[in-house]
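K.L.:
Sequence and predicted structure are below.
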Amino acid sequence: MKRYELNGTFYFCPVDLTLQIVGGRWKGVVIWNLRDGQKRFSELKKRLVGINDKMLSQVLKVLEMQGVICRTVHEVIPPKVTYHLTSEGETLIPIMEMMSVYGDKYAVSS
């Protein structure tokens, strides 16, 4: 049986590994909101209803460590920090788009 490794953890199914990257309450929606370009922390916070600063900061750090997003500090006054998808993160967009289609189809209209 083939094994897949991510950050020292082994998985026996590539779907399980992928869910480790995009799963959880906030990681997928952060990736989804960065699909159309870079965003500042405050822009993401406005789009992610219900997330607090600490949780957003944690999610961004994890996604950055996983190589999904990149944090850029712009040398301006006042300081400006933006987040955008890496090329690896961009490969997740087709998956997220299919999940969006499924969610639209599965959801009960309200």
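P.N.:
Everything's here; your move.
K.L.:
Going by C-alpha atoms from here, please, whenever you check contacts or count neighbours.
P.N.:
Noted.
K.L.:
and the lowest-mean-pLDDT helix or strand in the chain, how far out from the chain's middle?
P.N.:
When each helix and strand of the chain is scored by mean pLDDT, DSSP states H and E, strand 4-6 comes last, with a mean of 82. In terms of Cα atoms, centre = their mean, to the nearest Å, the centre of strand 4-6 is found 19 Å from the chain centre.
K.L.:
Against which helices or strands is that strand packed?
P.N.:
Applying 3 or more Cα pairs under 8 Å, 6 or more residues apart in numbering; DSSP states H and E, we find strand 4-6 packed against strand 9-11, helix 14-22.
K.L.:
just the strands in the chain please.
P.N.:
4-6, 9-11, 39-40, 69-74, 80-85 (DSSP state E).
K.L.:
on that earlier part again, can you put the helices and strands packed on strand 4-6 in JSON lines and add distance to residue 93?
P.N.:
Below are the helices and strands packed on strand 4-6 laid out as JSON lines (distance: least, Cα to Cα, whole Å):
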{"stretch": "strand 9-11", "distance to residue 93": "22"}
{"stretch": "helix 14-22", "distance to residue 93": "11"}
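K.L.:
Return the most buried member of these.
P.N.:
Among the helices and strands packed on strand 4-6, ranked by average contacts under mean count of other Cα atoms under 10 Å, first place goes to helix 14-22 (a mean of 14).
K.L.:
Give the residue spans of this structure that score low on pLDDT.
P.N.:
Applying pLDDT under 70 to the chain picks out residues 109-110.
K.L.:
show me what contacts the residue nearest in space to the middle of it?
P.N.:
The centre of the chain sits closest to residue 31, judged by Cα atoms, centre = their mean, with a distance of 3.0 Å. Contact partners of residue 31, counting by Cα atoms under 8 Å, 6 or more residues apart in numbering, are 22, 85, 89, 93.
K.L.:
what number of residues lie near the residue lying closest to the last one once chain neighbours are set aside?
P.N.:
The reference is to residue 93. Distances taken as Cα to Cα, 6 or more residues apart in numbering put residue 35 closest to residue 93, at 6.8 Å, once the chain neighbours are dropped. Residues within reach of residue 35, counting by other Cα atoms under 10 Å, total 18.
K.L.:
And residue 52, how far from residue 93?
P.N.:
Distance from residue 52 to residue 93, counting by Cα to Cα, to the nearest Å: 25 Å.
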